[in-house]
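[1] no sequence for this one, just the structure:
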C-alpha cells in the first residue's frame, strides 16, 4: 500500500495545496488573498507555506506594488503532481483497495 504524502497530509497544508490546485497552472494568488480564503493567521500560513516550499511543492515570488511588498503563491509542477498522487492514494484507501 502506498503511503500518503506526509507533507501534504497535515490538515492546514492540505487546505493550502487543495486551494492552490484550483488555480490554472500558470496562475498565482497573493498571500493575503490565500490567507483570507483559508481564514488562517499570517504566521500559521507562513509556517505551512515554508514546509511546502521546502518540499518543492509551492513557489513563492516576492515583488513590490509601488512601495508595498507583495508575495505571490502557486503550486509548482511537482506540487501539482504530488497533490494528484495524494488524492489518488486517498481515494484508493477510502475504497479499500490500497495501491
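    Right, received. Where do you want to start? Values in this document were obtained by computation on a predicted structure and should not be read as measured data. Numbering: from 1, shown residues only.
[2] the longest helix in this structure is where?
    In the chain, with assignment by DSSP state H, the single longest helix is helix 77-95.
[3] run the chain-centre distance for that one.
    13 Å (C-alpha atoms, centre = their mean, to the nearest Å).
[4] average pLDDT for that helix?
    Averaged across helix 77-95, pLDDT comes to 95.
[5] pull out the buried positions in that helix.
    Neighbour counts over helix 77-95 (16 or more other C-beta atoms under 10 Å) mark 79, 80, 82, 83, 86, 87, 89 as buried. For every residue, glycine as well, the C-beta is placed using N, CA and C.
[6] Serialize those to CSV and add fields for distance to residue 67.
    Converted to CSV, the buried residues of helix 77-95 look like this (distance: C-beta to C-beta, whole Å):
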residue, distance to residue 67
79, 31
80, 33
82, 36
83, 35
86, 39
87, 41
89, 45
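[7] who's in contact with the residue nearest the centre of the chain?
    With distances taken as C-alpha atoms, centre = their mean, residue 17 lies nearest the centre of the chain, 2.5 Å away. Contact analysis of residue 17 by C-beta atoms under 8 Å, 6 or more residues apart in numbering lists 8, 52, 57, 58, 75, 79, 82, 83, 86.
[8] need the three-state assignment for it.
    Taken by DSSP: H, G, I helix; E, B strand; the rest coil, the conformation at residue 17 corresponds to helix.
[9] how near is it to residue 77?
    13 Å (C-beta to C-beta, to the nearest Å).
[10] do the same with residue 22
    Residue 22 sits 16 Å away from residue 77, going by C-beta to C-beta.
[11] what do you get for residue 28?
    Noted for residue 28: a distance of 14 Å to residue 77, by C-beta to C-beta.
[12] residue 16 now?
    17 Å.
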